[in-house]
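In: show me the folded form of this:
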Amino acid sequence: MAKFSLFNREKKESLGKGLEMTKESVFKKLSRAVVGKSRVDDEVLDKLEEVLVTSDVGVDTTLRIIERIEDRVARDKYLNASELNIILKEEIAELLAENNTGDVGGFNEDFSQKPHVIMVVGVNGVGKTTTIGKMAYQYKKAGKSVVLGAADTFRAAAIDQLDVWAKRVDVPIIKQQMGSDPASVAFDTLSSAKSNNADIVIIDTAGRLHNKTNLMNELSKIKRVMDKIVTGAPHEVLLILDGSTGQNAFEQAKQFTAATQVSAMAITKLDGTAKGGVVIGISDQFKIPVKYIGIGEKMEDLQVFNREEFVDSIFSSK
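Out: Numbering: from 1, shown residues only. Here you go, the predicted model:
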């Protein structure tokens, strides 16, 4: 497909390596599902359903995939069981395309407004601050000026960790003391970015879900304050999810999409886990684009999500 050309060989290889555990798990299960079978029949479909559910694709998305393959079996009359991975690859990629969860712009994207403001949300421990640091690195590498805002003032460690990343990437950070008003930090960050003609602002926020109403009120206040400084800010609300938690990531997505208007998602920690199928389910169920995936520790291991490449990496026999 044409979009494959967007990925160079190095990126393809790192994606494949990052998803290796998921691919190995899926292939073992698929092999067992088709052993001794020459065609895709009801028994194979039942086993395939189990493969997808146990690969953290999620029940609802799994049923949608099975329906598509059933339709294809009825249409094509005879499908070779040995080609099941090819069929899966095609049907899942098409499903994600139909759900408007297509690929989004990368770090070279030109934004209509300057600064472009990204508010990052997600619970503690999902890799939120690390993802912000890697985003700052990638945007800077693409020639854009970046300012970070440490609006997670609930934990001193969150401020310190973001400060470490700012120094590592060599971008400015706006911060206050622990316990400060997060909206005040956001105000100062956008004011500084605007006066210095920065391209990108990334605002970290506190990752607490114990009280959804408080979370909603806090995020709404931050958004109102930012809009006064930069019209329409934040231009993106990016939800960070830990892919290695499987179905817990679905629950966090439900909570945060109920608390604020999430416009994009990043799914981290896909290396070292067999739960990569969660990306497919989350893309399908929430109808919110997955913008980034984290497939390793290196700065470059935060990749812009490409649905065809992702599905190909899991279901390709190469």
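In: thinking residue 203 is in contact with residue 222, fair?
Out: Yes - with contact defined as CB atoms under 8 Å, residue 203 reaches residue 222; the gap is 7.2 Å. Where C-beta positions appear, they are placed from N, C-alpha and C, glycine not excepted.
In: okay, and the common contacts of the two?
Out: A shared contact of residue 203 and residue 222, defined by CB atoms under 8 Å, 6 or more residues apart in numbering, is any residue touching both; here these are 119, 151, 186.
In: looking at these, which has the most residues close by?
Out: Ranked by the number of neighbours (other CB atoms under 10 Å), those place residue 151 first, at 33 neighbours.
In: which residues sit in contact with that one?
Out: So residue 151 contacts 182-183, 185-186, 189, 203-206, 222 (CB under 8 Å, 6+ apart).
In: and the residues you listed, which of them are in strands?
Out: Counting by DSSP state E, the members of these that fall within strands are 203-205.
In: and of those, the nearest to residue 91?
Out: Comparing these against residue 91 with CB to CB picks out residue 205 as the nearest, at 37.0 Å.
In: how far does the strand or helix carrying residue 280 sit from the chain's center?
Out: Counting by DSSP states H and E, the secondary-structure element that holds residue 280 is helix 278-286. On the basis of CA atoms, centre = their mean, to the nearest Å, helix 278-286 is displaced by 10 Å from the centre of the chain it belongs to.
In: angle of the helix or strand that that helix is followed by against helix 278-286?
Out: Note on helix 278-286: by DSSP H and E, the next helix or strand toward the C-terminus is strand 290-294. Taking axes from the mean of the first three to the mean of the last three CA atoms, to 10 degrees, one finds strand 290-294 and helix 278-286 inclined to each other by 160 degrees.
In: which elements pack onto strand 290-294?
Out: helix 128-141, strand 264-268, helix 278-286, strand 302-304 (3 or more CB pairs under 8 Å, 6 or more residues apart in numbering; DSSP states H and E).
In: partners of it in the sheet?
Out: In the sheet containing strand 290-294, the strands it pairs with under DSSP bridges are strand 264-268 (parallel), strand 302-304 (antiparallel).
In: what would those look like in a markdown table with mean neighbour count, distance to residue 289 and mean pLDDT?
Out: Shown next, in a markdown table, are these (neighbours: other CB atoms under 10 Å; distance: least, CB to CB, whole Å; pLDDT from 0 to 100):
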| stretch | mean neighbour count | distance to residue 289 | mean pLDDT |
| --- | --- | --- | --- |
| strand 264-268 | 24 | 5 | 94 |
| strand 302-304 | 22 | 11 | 92 |
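In: among the ones you listed, which is nearest residue 275?
Out: When these are ranked by distance to residue 275, counting by CB to CB, first place goes to strand 264-268 at 10.0 Å.
In: and that closest one, how far out from the chain middle?
Out: 2 Å.
In: give me the contact list for it.
Out: 104, 126-127, 130-131, 236-243, 249, 253, 278-279, 282, 286, 288-294, 302, 305.
In: now those: which count as buried?
Out: Neighbour-count burial (16 or more other CB atoms under 10 Å) is assigned, among those, to 104, 126-127, 130-131, 236-243, 249, 253, 278-279, 282, 286, 288-294, 302, 305.
In: what's the angle between the helix or strand residue 94 falls within and strand 290-294?
Out: When elements are defined using DSSP H and E, residue 94 is found to belong to helix 84-98. Interaxial angle, helix 84-98 versus strand 290-294 (the same axes, to 10 degrees): 130 degrees.
In: now helix 84-98: buried residues?
Out: Neighbour-count burial for helix 84-98, with 16+ other CB under 10 Å as criterion, is recorded at 84-85, 87-93, 95-96.
In: okay, those in CSV with pLDDT and distance to residue 135 next?
Out: Supplementary listing: these in CSV, determined by pLDDT from 0 to 100; distance: CB to CB, whole Å:
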residue, pLDDT, distance to residue 135
84, 81, 37
85, 79, 33
87, 85, 35
88, 87, 31
89, 87, 29
90, 89, 32
91, 89, 32
92, 89, 27
93, 88, 26
95, 86, 28
96, 83, 23
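In: hey, what's the angle from the lowest-mean-pLDDT helix or strand in the chain to strand 290-294? Just curious.
Out: Taking mean pLDDT, DSSP states H and E as the measure, the chain has helix 9-18 as its least confident helix or strand, at a mean of 77. With the same axes, to 10 degrees defining the directions, helix 9-18 sits at 70 degrees from strand 290-294.
In: tell me what the residue positioned nearest the centre of the chain is bridged to.
Out: In the chain, the centroid-proximal residue (CA atoms, centre = their mean) is residue 266; its distance is 2.3 Å. Listed by DSSP bridges, the beta-bridge partners for residue 266 are residue 240, residue 292.
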